[in-house]
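A.B. asks: Give the three-dimensional model of this entry:
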Amino acid sequence: MHAQTSAKACDLNASDLYALNILELTGPMTPGELGSRTGLTTGPTTRLIDRLEEHEYVRRTPAPGDRRKILVEPTGRPAQLDRVMAPARRKLGELLAGYSDKERAVLFDYFNRAADAYQEAAAQVRDA
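C.D. replies: Next comes the predicted model:
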């Protein structure tokens with residue numbers, strides 16, 4: 001619900017915000033890689049990148065060493081998105097501050113492993 005509300009406040013949809021988060025966390029990637037990470041096919045991925053580029057959240061750049069490839073990269077931290085996300089980030093920071101370093105390590109380990117498990121499961125469903 002928070003992602004939907006935040007995306008709407010920035011004139012985006014939840015898929016746009018999800019893709020933008022992926023790019024901010026992992027850095028530039030090809031449209032194909034972004035499509036794979038979001039679960040979108042080629043056409044919807046192109047439209048998603050077009051929307052993000054129109055709002056100046058991302059730009060397309062030539063891949064170093066291979067002019068045939070294009071990378072999608074975030075343009076920086078958009079002020080509007082930061083403003084909209086600030087309350088949730090603050091609350092999550094306060095929540096995490098209540099855990100010890102050891103407890104946070106367990107939580108982050110779990111979230112990293114869970115993310116990998118979900119990606120693997122999604123690939124299995126997609127390939128079936």
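
A.B. asks: Just the buried residues of the longest strand along the chain, please?
C.D. replies: Across the chain, the strand with the greatest residue count (assigned by DSSP state E) is strand 66-74. By 16 or more other C-beta atoms under 10 Å, the buried positions in strand 66-74 come out as 70-72, 74. (Each C-beta comes from the backbone N, C-alpha and C, glycine too.)

A.B. asks: go on, stretch 73-91?
C.D. replies: 74, 78, 81, 84-85.

A.B. asks: quick one: that stretch to chain centroid distance?
C.D. replies: 12 Å (C-alpha atoms, centre = their mean, to the nearest Å).

A.B. asks: And the contacts of stretch 10-19?
C.D. replies: 3-4, 6-7, 20, 34, 37-38, 40, 48-49, 51-52, 55, 57, 78, 80-81, 84 (C-beta atoms under 8 Å, 6 or more residues apart in numbering).

A.B. asks: shouldn't His2 be in contact with Ala88?
C.D. replies: Yes: assessed by C-beta atoms under 8 Å, His2 is found in contact with Ala88 at 5.9 Å.

A.B. asks: contacting residues around Glu53?
C.D. replies: 59-60.

A.B. asks: Can you show me the helices along this structure?
C.D. replies: Taking DSSP state H to define them, one finds helices in the chain at 2-9, 14-26, 31-38, 42-54, 79-97, 101-127.

A.B. asks: Now do the third one against helix 14-26: the angle between them, please.
C.D. replies: Angle of helix 31-38 versus helix 14-26, following axes from the mean of the first three to the mean of the last three C-alpha atoms, to 10 degrees, is 110 degrees.

A.B. asks: Thanks a lot, see you next time.
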